[in-house]
Structures are given as C-alpha cells and as structure tokens.
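A.B. asks: Next comes the sequence, and after it the predicted model I'd like to discuss.
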Amino acid sequence: MEWSDSWRGAFRIELRAEAVNLAWHGWPVLPGTYPAGIGQWAGRESVEHDGPAPVHHDWQERIGTKAEQVATWWAGHSYSILLATGHGVDAIEVGADLGRRAAVALRAAGVPVPITATPSGRWMFLVATGQPLRADWVADHDVHHYGQGEYVPLPPTPVQHGVVHWRVKPQICAWQLPRTGVVQDALTEAGHVPSGHVPSDYGLVVGGLA
C-alpha cells in the first residue's frame, strides 16, 4: 500500500493534536517514522524496522518533553505517535482473542483500562510503570510487557494495513492507570474462558469503552 503525501497531510493535524493532548496529560510521547510503501518507513535515515521507530536517535534523552515542544515536533510532519514505556506508562501486549476476553473481565469488574489495537490483531493494555509480569506470563511468548527502553505506537498512528486505534480511550478511566497486576489477573481469568465465547463484535469505541 502506498502512503501518499496527500494522505499524510490529511492526518497531520489529527496526529499533532493527539500527541499534544497525550503530552499534556503527562504521557511520554515521541515522533515516529511513518509508512512510505510496502516494507519501507520514512522520516529518518537508515531505519531498519518492521514498524514505526523513533525519528530522533537520541529519543531516550527527549523523554518527558513538555507539550509545547511536542507540538513543534509534529509541525509540518505526519510523524507516528510513539509512547516511551517505563516512564509512568507501560504496555502489556496480547493477541486479539485473549485481549477481548480480558477486556470483558475488566469491564465486568468495573476497572476501565486504556486499550489500543493494531490492524494485525494485537491488543495493548496500558498500565502504570512499576510492576513486572509474573513468571507464568513471562513464559507465555504471546504476551509481552513493554517497559524501560521500549516504545509502542499509539492511535492514530498509521501502519502498513491501517491505523492503530483505541478500544478503550484513556478518558474513560480519567487518565488513571491500573497496576500491571490488575491486567494480569484479568488475563488469567480470561485464560479460563473458552476461545470464541466472547462475541467478536462485543463493542465499538464510541468516545471510550469498547
């Protein structure tokens, strides 16, 4: 799929506004590369990566930049939005089936958690930094905890087959993040629910909760 200048231009204002909003709420966001064609990423020289990567080589030194400066990064550019994990916000990535079941468990418990999803079927639960995965989940290679020194794409970052989107927006939990253990408990509960017992259309994002 080709990503034209006109397409990037249409998204530029939305990407910038979302990046500034996230930074204003204290989330450590960074500009990332964007799709330039099949298997190619633009925005930085010599990028060898199968997805968006930080534009700046010194990105770890830029973590925590204020919203005003963040706004200048996106001025005139259609950069992806990356979240530097390990600095207040971490992410737990799982497959869509397990993610959907865990989201249902969290909703039933009355615990809203920000969740993003990718077109390739990966769900990311955003949690507070400070608690590692338990041993039982570390052993599961389909579950990954993003922490210090890592980053994940946030909506509406464009990827090769669509855009990263919210399943549950952070506004729903008033930008308050749960401990990692809360999501791990939900994943454990979800693991006992047979696959396919949660409707594939269990919810749409309408200003928040999937």
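C.D. replies: Great, that's in hand.

A.B. asks: Distance of Pro28 relative to Thr188?
C.D. replies: Separation of Pro28 from Thr188 (Cβ to Cβ, to the nearest Å): 29 Å. All C-beta atoms are positioned from the backbone trio N, CA, C, and that covers glycine.

A.B. asks: quick one: which of the two has more around it?
C.D. replies: More neighbours surround Pro28 than the other of Pro28 and Thr188, with 21 against 14 (other Cβ atoms under 10 Å).

A.B. asks: mind listing what the more buried one touches?
C.D. replies: By Cβ atoms under 8 Å, 6 or more residues apart in numbering, Pro28 lies in contact with Ile63, Gly64, Thr65, Leu83, Ala84, His87, Gly88, Val89.

A.B. asks: Taking these together, which two end up most distant?
C.D. replies: Taking Cβ to Cβ as the measure, the contacts of Pro28 span a maximum distance of 14.7 Å, between Thr65 and Val89.

A.B. asks: Those two - which one has more neighbours?
C.D. replies: Val89 (25 against 15).

A.B. asks: Could you give the bridge partners of the more buried one?
C.D. replies: Ala128 (DSSP bridges).

A.B. asks: Val20 versus that one, what's the distance?
C.D. replies: Between Val89 and Val20 the computed distance is 16 Å (Cβ to Cβ).

A.B. asks: what's the answer for Gln176, then?
C.D. replies: Relative to Val20, and taking Cβ to Cβ, Gln176 is found at 20 Å.

A.B. asks: Have a look at those two and say which one is more surrounded.
C.D. replies: More crowded of Gln176 and Val20, by other Cβ under 10 Å: Val20, with 19 against 10.

A.B. asks: What does the most centrally placed residue in the chain show for phi and psi?
C.D. replies: Central residue of the chain (Cα atoms, centre = their mean): Leu154, 3.8 Å from the mean position. Dihedral pair for Leu154: phi -120, psi 160, per degrees, to the nearest 10.

A.B. asks: any idea which element the residue lying closest to it once chain neighbours are set aside lies in?
C.D. replies: Spatially, and ignoring its direct neighbours in sequence, Leu154 is nearest to Ile81 (4.6 Å; Cβ to Cβ, 6 or more residues apart in numbering). If you go by DSSP states H and E, Ile81 is part of strand 80-84.

A.B. asks: Neighbouring strands - and their directions - for that strand?
C.D. replies: With DSSP bridges as the test, strand 80-84 pairs up with strand 29-32 (antiparallel), strand 151-154 (antiparallel).

A.B. asks: how about these, which one is nearest Asp140?
C.D. replies: Evaluated with Cβ to Cβ, the strands paired with strand 80-84 place strand 151-154 nearest to Asp140, the distance being 18.1 Å.

A.B. asks: Can you tell me how far Tyr34 is from Trp73?
C.D. replies: Plainly put, Tyr34 is 13 Å away from Trp73 if you go by Cβ to Cβ.

A.B. asks: ignore the last one, Leu106
C.D. replies: 33 Å.

A.B. asks: between those two, who's got more neighbours?
C.D. replies: When Leu106 and Trp73 are compared on other Cβ under 10 Å, the one with more neighbours turns out to be Leu106, at 24 against 20.

A.B. asks: How about the more buried one: what's its closest non-neighbour residue?
C.D. replies: Ala186 is the one closest to Leu106 (Cβ to Cβ, 6+ apart), at 4.8 Å.
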